[in-house]
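Chemist: Sequence and computational prediction follow.
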Amino acid sequence: MANYADRRIYSPYMIFSREEWRGLRNETPLSICEEDLADLEGLNEKLSLEEISEIYLPLSRLLNLYVAASQELYKAADTFLGNRSEKVPFIIGIAGSVAVGKSTAARVLLSLLKRWPNHPKVELVTTDGFLYPNEILEERGLMKRKGFPESYDTTKLINFLADVKSGVKEVSCPLYSHLTYNILHDQEQIVSQPDILIVEGLNVLQVGRTMDNENMPQVFVSDFFDFSIYVDADEKDIREWYLNRFLLLRQTAFQKPASYFHRYAQLSDEEALDVANNIWREINAVNLHKNILPTRYRADLILTKGKQHAIKQVMLRKL
């Protein structure tokens, strides 16, 4: 079944090849069809029913078992407390680099998990909404560090997760526009006691200091997760995916006058690649190495992609 990289050295993970992992589907029916794929795949990331069937369906089965166990614990606590405890959602965190496909993974899991009968209410929140508005980032000189931990209102994100985890009936969170590259000040998302909440973002597994007072106990975003996933790939592949996405956006979203990056719309291929390479080298690669990649082995499960975006290996943390 699972292979181990070196049996003489303890590893906290069980390592599965694609073939081994797909065998864990265990006759779970595939409820997604070809017509659903367009709404799930990324801008330059094509999905196949085979990928969903062999990778995400076994993962949804595993998560369903975890959620069911969590619900049983809730019932036990509910009985002990005399039916006074609030409904508490199962929270899944998904982390990974820019352009690695974590948003696609989040959408696929959202679609699959809400089809299980014991947790039909599943919601997805991205941490982009918790970035500071551009005016604050500009004031603090952080526009070129957007996506770095210091560019997020981590206190607001932690308070949001604390409210959700405490069973508050309705919790609001900000929304972000990738078109205007800024927070939507007049819109918000309402999260209403879901069975499962998926939280997707670059730095959700990081444990850097979030409070100025060193005597205060530290609380991290990942403290609220019941399960965490890291989407991984070779850096050279991620860089190539990022460059390809930039070129595609230049032909689509960047063409809109309202786009923050409209100034790049008329660049030649050579000029666009030069700009994208500079952004990758000076911002995304730095953030990946300094902040994102070091959190990889904090995840409960690591999905490792090959060059064509297909998952080639799954690592599951031992209990």
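Modeler: That came in fine, so what should we check first?
Chemist: got the buried residues for stretch 259-270?
Modeler: Across stretch 259-270, burial judged by 16 or more other C-beta atoms under 10 Å covers 259, 260, 261, 264, 265, 267. Yep, even glycine has a C-beta here, placed from its N, CA and C like the rest.
Chemist: what do you get for stretch 159-175?
Modeler: 160, 161, 163, 164, 165, 171, 173, 174, 175.
Chemist: Equivalent analysis for stretch 71-89, please.
Modeler: 71, 88, 89.
Chemist: okay, those residues in a markdown table with pLDDT, distance to residue 155 and secondary structure next?
Modeler: Rendered in a markdown table, the data for the buried residues of stretch 71-89 read as follows (pLDDT from 0 to 100; distance: C-beta to C-beta, whole Å; DSSP: H, G, I helix; E, B strand; the rest coil):
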| residue | pLDDT | distance to residue 155 | secondary structure |
| --- | --- | --- | --- |
| 71 | 84 | 30 | helix |
| 88 | 84 | 22 | coil |
| 89 | 92 | 21 | coil |
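Chemist: Show me which of those residues is closest to residue 96.
Modeler: Lowest distance from residue 96 to these (C-beta to C-beta) belongs to residue 89, with 22.1 Å.
Chemist: Quick check: the closest one vs residue 168, distance?
Modeler: Per C-beta to C-beta, to the nearest Å, residue 89 is found 11 Å from residue 168.
Chemist: And the buried residues of stretch 259-270, which two are furthest apart?
Modeler: Farthest apart among the buried residues of stretch 259-270 by C-beta to C-beta are 260 and 267. That separation is 14.9 Å.
Chemist: got any ranges where the stretch 201-319 of the chain has weak pLDDT?
Modeler: Across the stretch 201-319 of the chain, the ranges flagged by pLDDT under 70 are 208-217.
Chemist: which residues of it fall in strands?
Modeler: Under the criterion DSSP state E, counting those that start in this stretch, the stretch 201-319 of the chain contains strands at 227-232, 301-305, 311-317.
Chemist: Just tell me which of those strands ends up closest to residue 12.
Modeler: For the strands of the stretch 201-319 of the chain, the distance to residue 12 is smallest for strand 311-317, at 5.6 Å, taking C-beta to C-beta.
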